[in-house]
Each structure stands twice: as C-alpha cells, then as structure tokens.
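Enquirer: With the sequence up front, the predicted model follows.
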Number of protein chains: 2
Amino acid sequence: MTAAANQSGRRPTTSRRLERAGIRDVAAAAGVSITTVSDALNGKGRLPDETRSRVREVAERLGYRPSAAARTLRTGRSGLIGLTVTTYGEEPFTFTEFAYFAEMARAATSAALGRGYALVVLPASSRHDVWSNIALDGTVVIDPPDQDPLVSELYRSGVPVVSDGKPGNCPVTAWVDNDHEAAVLGILDHLSEAGARRIGLLTGTSTDTYTRLSTEAYLGWCGRVGQEPVYETYPAHDPAAGAVAADRLLARPDRPDAVYGLFDPNGTDLLAAARRYGLRVPDDLLLVCCSESDVYAGTEPPITTLSLKPRRIGTTVVNLLIDAIEGVDSGTGVDIARLFPPRFRTAGTGPPPGTLMPTELIVRASSQRRSPRTTINAPRPPGEV
Amino acid sequence: MTAAANQSGRRPTTSRRLERAGIRDVAAAAGVSITTVSDALNGKGRLPDETRSRVREVAERLGYRPSAAARTLRTGRSGLIGLTVTTYGEEPFTFTEFAYFAEMARAATSAALGRGYALVVLPASSRHDVWSNIALDGTVVIDPPDQDPLVSELYRSGVPVVSDGKPGNCPVTAWVDNDHEAAVLGILDHLSEAGARRIGLLTGTSTDTYTRLSTEAYLGWCGRVGQEPVYETYPAHDPAAGAVAADRLLARPDRPDAVYGLFDPNGTDLLAAARRYGLRVPDDLLLVCCSESDVYAGTEPPITTLSLKPRRIGTTVVNLLIDAIEGVDSGTGVDIARLFPPRFRTAGTGPPPGTLMPTELIVRASSQRRSPRTTINAPRPPGEV
DNA sequence: GATTCATGGAGAAACGGCACTTCTCGGCCA
DNA sequence: TGGCCGAGAAGTGCCGTTTCTCCATGAATC
C-alpha cells in the first residue's frame, strides 16, 4: 500500500510544505503508480472500474487538482483562445464601445465555453510581453488591418487565426463577415421604394473593411442609378464628431431626403439634427442606421436599423477557430500547411476560406411612409465565397 | 562555438521537425549555455552587456519565443486573471447584458493589461473542467452569492479572490463596492427636495448585494420619514418583466409621485408607462434610474441617472487583486494567511478589507421642476470600512 | 509443455523553461 | 607563491503532467 510513497525518488520528502496535492501524492495514497492515476482520472488506459473509482475517490479526498500549467506544457494545449480587438486611433482600449463588439464578444465567449475553451481579451496594440506570456491555442481577430504584424506573427508561429471581417492582406486561417455590399444595396433599394430621391450616407474616415465596403457599395450604387453621392465622413470612434457630421449632412444645400448612417449612434444624431432643421421623420427625411441597440424601437419615431447579427458572427468565428485547432494532425510534426482539416484547405495557395453571414433589416417607422413593423432578410443567404 | 550543441544530451537530434526554436537552439547558436540565454533575455544574472545583446540578437534572428506554458510551470505565475460573472437565473450567460458589466469588464481588462496581466472571462456556472484547466493567478468575482462553492474552492486553493460587491459570507481576499445605502438615501433626499411626497421604488427579486442593500435603504428611509413603502419587484434579468412592473407601479391606487428604478432599462420603461397613464414628467412624476447609459441624456425629457462608476470599480478591483498576487511572500511556502501583504491582512480573523467607491448622480430634467443639468456627488467619499 | 494473447499496470522520457548552486579563472595582495 | 575574491558562465534539477514503452501474469490455444 505504501510502496509507492516517494517512488520516483526525486522529491525531497522534507521541504514539502502544505501545498496542493500532486499526482504523486494521489498515487502514493492510492497505492498505485502515477500512470495509473493519470489514466484513471482521464478515462484512458486499461483499468478495471474498481481501480478507476478508487483512484478517483482518493484524488477527491486529497482535493487533487491537476496543474493546468503542467498539462499545457505536456499536451501543448492551453484551452485558451485570444480575442483580439484592433483599437481605433490613439484610444488605448475602446472595446465594447459599440454594442456590436460587446454582443460579438459575449457570443464568442459563450461559444468557446460551450466547447471547453476560455476566451482571453487582448487588444492588438497591447504590450508584446503580455501576448507572448500567454499560451494561446488560437486567436480571433476583429477586423485586422492590412499587414497586421500581430496576425502575421501569430500565423507564422503556427497559431490558427480566424478573423471577424474579411482580411485585406493578412494570412488568416479563415474569416467570417457580413455581406456588407448586399446589406447596403438592400437598404438603398428599401429607401428608394419608400420614395427617396436623394439618399445620403453618414460614414467613417477609418479604413476598416466594414466602412470601406459599405461606402464603396454606396458609391457604386450611386454610379449605377445616376445619383450624385451625398455623404459626410467622420472618425467613427469619436461620438461627438458623429453629431457634428450628422448636422453637416443635413445642412448641405443638396440635402438628402433619406440617410443611412453606418454607425450605432447615428440614428440618434440624425434624429436630433433633423429636429434642429425642422425636418419631420419620415415625412421629410427617411432614416436608417446600423445598430444592435433596441433603443431605436422606442425613439420618436422608431428608427429602422440594420443588424449585423453579431451573436451569429461571434459564434461562427469561434467554432471555425476551434475546428481548426482541433483539426491539427498532431502525428506529423507541425507543418503549417497541414494545420487545418481538409475542408479548410483551399486548393493551392489561394485565399483563406471565408463565410458570409446574412444581416437583418429591422424596418420601423423612420423608413417608410406606410405600414411599419416588417422584417426583411438580406437578399443573399449565407454561403462560401 | 558549437560545443553547446545538444549539450544537455537529452534532446534526440533527429525527429526534430521545423518547430519553433527553443532556448536550447538559441544557446547553441549563440555559443553560450542555456542559463546564459535565460539570464540575458530576462535581464538577470551578471552578464556583460556585450553578451546580453549578442544573445538577444541571436534569439531575435531565430524567432525565439519562450514557451508560456513552461514559464508558467516553473515560476508558478501565468499572468492570467479570471473575471467571474455570476449568472442570473437559468440564463446561461448574461454577461454584458447591463452596461454596468460591460463597462466594468472593459476597465478591468484595461487595468490588468496595464500591469501585464490578461483577463479571462469565465461565468461562475461554467463547466468545472474549464475552470480547472486554466492556471489563474487570481480572480475577480462579480457579486458572489453567499457560500459560493466556486469562490470557496478558489480561496482554499490559495488563489486570491477580490469581489465586486460586498460578499455576504464568502472568504474573499478583499472587496470593492459602491456605498449603495448612501446613494439611495441621496436620491430620496434629492427627490424630496424636488417636491416628492410619495416616492416609489422599482426593484428586483434577486438577492444580490446591490438589490438587497438598495431596497433595504429605501425601506429604512420610509420608516424614518414615515412614508408607506410603494414598490414593485421583478426579475431583473428579464427586460420584458421590467416594463410590466413599471406599469404595475404606476397603476397602483397609491400611485407614487416620484420613482427610483434600480436597473438600467427602468428609465425607459417608466417613461413609457407614464405616457400610457397620461402622466407628465417631471410635472406629475419625478423620475430617477440607475444607469450607465447616456441615452437618458437624449430622452424626452432627459432622465436623471445614478452612475455606479463601473470604470472605477473595475480598475480598483483589478489593482487590489494584482497587489494581492504580487504581494505573495514566496519565500516561506504557501501559507494562506501570508498570501497577502500587510495592508490586506485584517487583524485576527476579521472580515476581509473592503473599499467603498462613490457613486454619481447625474441630475437631469426628470427629477426637478426647476433648472436642470447639475451634478451632485454622493455624500460620502471613498474609504475603508 | 511451449506459444500466443489480453489484461493490468509500472517506469521513465519528455515538455521547455527558470531558480539555485557550482565551477573556472584571472587579478590582486600579502 | 599561495590564497582570496568576484565576475562570468555553466550545471543541475525540478515544475507536474501525459504518454510511450514495456513487463508481469494468467488463461487459452496449439
């Protein structure tokens, strides 16, 4: 029974304080080998149920908790996923500034936990030492800029990276995004049908994918239908600037009779600006903005919003990432080209696989002169690119 | 120069694929020992600058990144802090449902990163295997319920725990909270001064500290000033129930002429209910609610809010936790009583040290019949209990 | 009676750093 | 010339698991 005590002969029996029980202690107490304890607790090996349950019991009694650090070192898996937020401008950390991020992060956290992983939130610009101090099994990146050094390094060191937002020129494993072009075109069509003759756009100055694709879709549409573009830009991370830009847009001589605002607070800003100029919504001005907030259901009038469905995005991104992590063929070394299961491998060295998720237009009073309260799905269903 | 190659004799030179460079590789390439590499990179030991910089250069060239797992195993520090959210009811994960949590988490993340730690978000109810799979240096717990088994286990295993919200009967290292009683009394006084004769309360059914203390403060005040309590309760995690409860409160025969709502959406709910009953705000009904949202600056009329200052709370909690983590006297084994530096030790076995943070009442039109736009700080400054 | 085979389990090698201890060697002073 | 000192660097374990290899043993088969 006590034969196993100190069996490895490596631990000096003295100098051992009242620290947590290790696997050796359990082995000694149960009268079995370390191997057997490990097997019993992890459901591996060939052991009779009797031994298994006895070991479990002893471990329980001793309050044994396997060391996460040791396990990570040995197995090469930490169960940790990074969630990287690219920061805007000089702001140190603007995470959760927009409801989109908060929702997306929440869904991502939830999805990760559901599969046994935990999420670590790390701004892309944070101190490098923090990054390299954490063993990550993979990383979710929100809207990485072109040539992001962080993403490059992660990818180079073999860590799977999945991005929310189609990456411009980043070597990611996979990506997920909304079909922003389809969403914008859907809104413009919707406004046209409601009687808009000149549709304006309130957009941002930043170069992220969302802003860029949405703006391009607008400009393209203008070109096709022969409308002169009417838009104002502002730094999206600055809420005060949004109000000013909204005001500018409605103060123009070529004032639009309908506006789509790309960012969450634009609805409120535009409504306030309209009020200042004595414009009635929707009679004089049709309004739509992109937002995840339901305050727009309660404004006067309620405002039509485009939802990017961040929950779905967050869930999808995490699931893709974990698929990539667990698809690693650990038998044959770590060849990056083999890091991902077949369905993630693009033929040759083509672009990484991407998934487009549908958006949802929640139609309210601000964008129609007739009956409100209808939901229109985006024209295109999700699909591979 | 090459003498150090394979010096430890433990690594089979073959079977080594194109994996990441380890410290041994760096040592071999730089012609020094492993020890020297470690010392050079960590700024320890006695090494001439020349050696130091040469080793750094070689490490850089080889793209060497120390293994976080190995470092954690050896040093006992992971650089990871848990942020535990106690979930409400059956909801799997209601994190960021309230702006308070989102703000608090953001501040906590930021504060942690500023000190070289990263935050892991973990709901208290999540699978135990997730918890035990992660090496945490400490944990922040949001409003732990009495006898929380999770907190008990963490504390027992020597992990420092700091709670946001005064713990009822939990062995935490320290805690931080708002002075909820002072805040509520301040609001009640404020409403009284504005002319309220009968102040109602919209509160929750849950037993968390915030709800309990606030409600008790209200009831105590009623007793002292001789007003019959007028309040309605509802499950705070259910937004729809809030609207119903607000309606109930204003439908009572003893209808209050002023209401304080404890939860974020209450302002909107109460405003809508007032509208339904033809009550003008603030003329017929004075309104205050607790919220971190600035939408209440733009409602009609703007609504007075109490801010709990979650940024400050999040920052403080994390700083206390990291102080506790880094204050560990690692020389003398792990005696829980010595886990924390002197200023955290309460004499004898008294309650854990707590810090009260001030709240801020943002006065707007809804709570006064005269001039709006003043800010009143909570009566008491922060201090130890 | 000698060979398979399945069962149950032990032993030891990593995993990749870092803390602690020890060694070497040249300079300096008595 | 011997001894001491300290800078500079190397050696040695060990952190606590998992996992791979391999050994007994007894039963069954040839």
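Expert: Looks like it arrived, so ask away. Numbering: from 1, shown residues only, chains lettered A, B, ... in the order given.
Enquirer: where does the spatially closest residue to A:Ser126 that is not a sequence neighbour land in three-state SS?
Expert: The spatial neighbour of A:Ser126 that comes closest, neighbours along the chain excluded (C-beta to C-beta, 6 or more residues apart in numbering or on different chains), is B:Leu113 at 5.0 Å. Where C-beta positions appear, they are placed from N, C-alpha and C, glycine not excepted. With DSSP: H, G, I helix; E, B strand; the rest coil as the basis, B:Leu113 sits in helix.
Enquirer: try the one 3 residues further on
Expert: Here B:Gly116 is recorded as coil under three-state DSSP.
Enquirer: Where does the closest residue to it other than its chain neighbours fall, secondary structure wise?
Expert: In space, and not counting its chain neighbours, B:Gly116 is closest to A:Val130: 5.9 Å by C-beta to C-beta, 6+ apart. Here A:Val130 is covered by helix A:128-132, with elements defined by DSSP states H and E.
Enquirer: would you put the C-alpha positions of that helix in PDB?
Expert: Extracted in PDB, the C-alpha atoms of helix A:128-132 (Å, rounded to 0.1, in the frame of the first residue of the first chain):
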ATOM      1  CA  HIS A 128       4.100  42.400 -26.600                       C
ATOM      2  CA  ASP A 129       5.200  40.800 -23.400                       C
ATOM      3  CA  VAL A 130       1.600  40.200 -22.400                       C
ATOM      4  CA  TRP A 131       1.000  38.400 -25.700                       C
ATOM      5  CA  SER A 132       4.000  36.200 -25.500                       C
END
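Enquirer: What are the boundaries of the strands in chain A?
Expert: Here chain A has its strands, by DSSP state E, at A:80-85, A:118-123, A:138-142, A:161-164, A:174-178, A:199-204, A:230-234, A:258-261, A:286-290, A:304-307, A:354-357, A:360-363, A:374-377, A:383-384.
Enquirer: And the ones you listed: which comes nearest chain B?
Expert: Of all those, strand A:118-123 sits nearest to chain B, with 5.1 Å by C-beta to the nearest C-beta.
Enquirer: would you put the C-alpha positions of the closest one in CSV?
Expert: Provided in CSV are the C-alpha atoms of strand A:118-123 (Å, rounded to 0.1, in the frame of the first residue of the first chain):
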residue,chain,number,x,y,z
ALA,A,118,-12.0,30.1,-22.4
LEU,A,119,-11.5,33.5,-24.1
VAL,A,120,-8.8,36.0,-23.3
VAL,A,121,-9.4,39.5,-24.4
LEU,A,122,-6.3,41.1,-25.8
PRO,A,123,-6.1,44.4,-27.6
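Enquirer: Quick check: neighbours of it in the sheet, parallel or antiparallel?
Expert: Using DSSP bridges, strand A:118-123 pairs in its sheet with strand A:80-85 (parallel), strand B:118-123 (antiparallel).
Enquirer: thinking again about what came up before, residues in contact with the residue nearest to B:Gly116?
Expert: Neighbour list for A:Val130: A:122, B:79, B:113, B:116-118 [criterion: C-beta atoms under 8 Å, 6 or more residues apart in numbering or on different chains].
Enquirer: Just the buried residues out of the residues you listed, in ChimeraX syntax.
Expert: Here is the ChimeraX command that selects the buried residues among the contacts of A:Val130 (16 or more other C-beta atoms under 10 Å in any protein chain shown):
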select /A:122 /B:79,113,117,118
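Enquirer: wait, doesn't A:Ala124 sit right on A:Leu83?
Expert: No. Counting by C-beta atoms under 8 Å, A:Leu83 is not a contact partner of A:Ala124; they are 10.4 Å apart.
Enquirer: wait, isn't A:Val161 in contact with A:Val151?
Expert: Yes. With contact defined as C-beta under 8 Å, A:Val161 reaches A:Val151; the gap is 5.7 Å.
Enquirer: okay, and for the stretch 201-350 of chain A, where does confidence drop off?
Expert: A:328-350 (pLDDT under 70).
Enquirer: hang on, the earlier thing: correct me, but the residue nearest to A:Ser126 touches A:Val120?
Expert: No. Using C-beta under 8 Å as the test, B:Leu113 is too far from A:Val120 to be in contact (10.6 Å).
Enquirer: May I ask you to confirm that A:Leu285 is in contact with A:Leu249?
Expert: No. The pair A:Leu285 and A:Leu249 does not pass the contact test of C-beta under 8 Å, sitting 10.3 Å apart.
Enquirer: Please identify every residue contacting each of those two.
Expert: Here A:Leu285 and A:Leu249 share the contacting residues A:256, A:259, A:270, scored by C-beta under 8 Å, 6+ apart.
Enquirer: Quickly note the distance from the closest residue to A:Gln368 other than its chain neighbours to A:Pro282.
Expert: Computed as C-beta to C-beta, 6+ apart, the closest residue to A:Gln368 that is not its neighbour in sequence is A:Ala194, at 4.9 Å. According to C-beta to C-beta, to the nearest Å, A:Ala194 and A:Pro282 sit 7 Å apart.
Enquirer: ok, for A:Ile199, nearest residue in space, not its chain neighbours?
Expert: A:Ala258 (4.6 Å).
Enquirer: count of neighbours near that neighbour?
Expert: The tally of other residues near A:Ala258 (other C-beta atoms under 10 Å in any protein chain shown) stands at 25.
Enquirer: what residues are up against it?
Expert: A:191, A:194, A:196, A:198-200, A:285-288, A:367.
Enquirer: so it bridges to which residues?
Expert: Note on A:Ala258: beta-bridge partners by DSSP bridges are A:Ile199, A:Leu286.
Enquirer: about what we covered before: who touches both of B:Leu113 and A:Val120?
Expert: B:Leu119.
Enquirer: which residues touch the residue in the stretch 101-250 of chain A positioned nearest to DNA strand D?
Expert: In the stretch 101-250 of chain A, the residue that lies nearest DNA strand D is A:Ala135 (12.9 Å; C-beta to the nearest atom of the strand). Contacts for A:Ala135 (C-beta under 8 Å, 6+ apart) come out as A:72, A:78, A:80, B:67-69, B:72.
Enquirer: for A:Val288, same thing?
Expert: Applying C-beta under 8 Å, 6+ apart, one finds that A:Val288 lies in contact with A:187, A:190-191, A:258-261, A:303-306, A:361, A:366-367.
Enquirer: Go again with 7 Å.
Expert: By C-beta atoms under 7 Å, 6 or more residues apart in numbering or on different chains, the contact set of A:Val288 is A:187, A:191, A:260, A:304-306, A:367.
Enquirer: before we move on, what about A:Met357?
Expert: A:Met357 is in contact with A:176, A:178, A:309, A:312-313, A:316, A:382, counting by C-beta under 7 Å, 6+ apart.
Enquirer: Okay, it and A:Ala112: tell me how far apart.
Expert: Counting by C-beta to C-beta, the gap from A:Met357 to A:Ala112 is 18 Å.
Enquirer: again, but for A:Val288
Expert: For A:Val288, the distance to A:Ala112 (C-beta to C-beta) stands at 33 Å.
Enquirer: Same question for A:Ser126.
Expert: 20 Å.
Enquirer: Then A:Arg61?
Expert: Distance from A:Arg61 to A:Ala112, counting by C-beta to C-beta: 32 Å.
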